[in-house]
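S.K.: here are the coordinates; sequence isn't available:
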């Protein structure tokens, strides 16, 4: 009889250990998350030829500016858009974004360093010679056709102060395309 009790005790001990190892999952409703988004069908794709373009403005004399609002010569540049579909849209507007010059909100501020030029900023102009105002919605809509299109622009320095001093005159500008 003594042997039977020990065997039963051992079996009970083993089965209790098995039960203790079985954890049950408890599910608590944590709420719901609503996801919003959208898919757009763009009229065109910006060509990879334009990714991270560097436009060489050349070297200029700081004394060639003769007062606030005076300009350097235009430097032309292009943005190529490809795979354009007029079934989606036939007009594109250009917006430019970046750091705005504190003294002249129509131009971009130069990158700030001890070696930077002072009293001047960079203006982006459309094909008609009008300034594209930074950080605004498009003010002009350009018609495009199926396939590949070239958008022409100019960039130039513009004096924002009576005194322009020499130095590095670089800026970074982001372009957005809006289709209509």
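M.R.: Yep, it's here. For clarity, every value in this text was computed on a predicted model and none was experimentally measured.
S.K.: which strand in this protein has the most residues?
M.R.: Of all the segments of type strand in the chain, defined by DSSP state E, the longest one is strand 147-159.
S.K.: for it, buried residues please.
M.R.: By neighbour count, with 16 or more other CB atoms under 10 Å as the criterion, the buried positions of strand 147-159 are 149, 151, 153, 154, 155, 156, 157, 158, 159. No exception for glycine: its C-beta is placed from N, CA and C like everyone else's.
S.K.: separation between the first one and residue 175?
M.R.: From residue 149 over to residue 175 the distance is 14 Å, taken as CB to CB, to the nearest Å.
S.K.: which secondary element of the chain has the worst mean pLDDT?
M.R.: Within the chain, judged by mean pLDDT, DSSP states H and E, the helix or strand with the poorest mean is helix 2-21; its value is a mean of 46.
S.K.: give the partner strands of the next helix-or-strand element following that one in its sheet and their orientations.
M.R.: Using DSSP states H and E, the helix or strand that follows helix 2-21 towards the C-terminus is strand 45-46. With DSSP bridges as the test, strand 45-46 is paired with strand 75-84 (antiparallel).
S.K.: list the buried residues of the strand it pairs with.
M.R.: Within strand 75-84, the residues that count as buried by 16+ other CB under 10 Å are 75, 77, 79, 81, 84.
S.K.: just want the angle from it to strand 147-159.
M.R.: 150 degrees (axes from the mean of the first three to the mean of the last three CA atoms, to 10 degrees).
S.K.: next, residue 49: secondary structure please.
M.R.: The three-state label given to residue 49 by DSSP: H, G, I helix; E, B strand; the rest coil is helix.
S.K.: is it in contact with residue 80, as I believe?
M.R.: Yes. With contact defined as CB atoms under 8 Å, residue 49 and residue 80 form a contacting pair (5.5 Å).
S.K.: what do those two both touch?
M.R.: Here residue 49 and residue 80 share no contacting residue, scored by CB atoms under 8 Å, 6 or more residues apart in numbering.
S.K.: sorry, back to before: let me see the mean pLDDT of the next helix or strand after the longest strand of the chain.
M.R.: The helix or strand immediately downstream of strand 147-159 is strand 174-179, counting by DSSP H and E. When pLDDT is averaged along strand 174-179, the result is 88.
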